[in-house]
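*Asks:* just need the structure, nothing else, for what follows:
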Amino acid sequence: MKQIIFTDKAPAAIGPYSQAVLSNGTLYVSGQIALTLVEAGANIEDETRQVMKNMQAILEVAEMTFEHVVKCTIFVKDMNNFAAINGVYGEFFTSNPPARETVEVARLPKDVNVEISCVATA
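*Replies:* Below you'll find the model as predicted:
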């Protein structure tokens with residue numbers, strides 16, 4: 001059984017997918033982006049911080065926190081931004097961080113610079 005998780009405190013899906021799906025105590029959060037900040041020309045730190053706040057809002061709807069996150073995937077348009085992204089990411093995972101991979105990609109949806117997804121368990 002799966003439960004669709006949605007909050008208006010994070011961007012609505014821009015395609016045929018859900019913000020997150022809860023199944024058997026595991027929450028699968030779709031990749032989050034900071035579209036409005038990118039359109040406004042924000043720096044990579046602000047963009048990353050908004051992505052993390054989007055994830056936080058989704059986690060909260062599922063009655064979870066970053067402490068429940070067991071895995072993250074970070075997609076970046078430019079690996080030269082890794083240190084800045086990692087610094088902001090670390091603000092949200094202050095102890096016992098989850099497993100993670102970071103991958104540089106040629107392009108991301110809506111031409112954002114960073115997209116992050118996660119898996120959390122209750």
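*Asks:* all strands of the protein, in order?
*Replies:* 2-5, 20-23, 26-32, 69-76, 99-104, 114-121 (DSSP state E).
*Asks:* now render the ones you listed as CSV, adding mean neighbour count, mean pLDDT and distance to Ala84.
*Replies:* Bear in mind the C-beta positions are built from the backbone N, C-alpha and C, glycine included. Output for the strands of the chain, formatted as CSV (neighbours: other C-beta atoms under 10 Å; pLDDT from 0 to 100; distance: least, C-beta to C-beta, whole Å):
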stretch, mean neighbour count, mean pLDDT, distance to Ala84
strand 2-5, 13, 98, 29
strand 20-23, 18, 98, 26
strand 26-32, 21, 98, 17
strand 69-76, 19, 98, 10
strand 99-104, 12, 98, 12
strand 114-121, 21, 98, 9
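*Asks:* so which of the ones you listed gets nearest Glu60?
*Replies:* strand 2-5 (9.9 Å; C-beta to C-beta).
*Asks:* just to revisit the earlier point, can you list the strands of the chain in a markdown table and add distance to Glu60?
*Replies:* Below are the strands of the chain laid out as a markdown table (distance: least, C-beta to C-beta, whole Å):
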| stretch | distance to Glu60 |
| --- | --- |
| strand 2-5 | 10 |
| strand 20-23 | 11 |
| strand 26-32 | 11 |
| strand 69-76 | 12 |
| strand 99-104 | 21 |
| strand 114-121 | 11 |
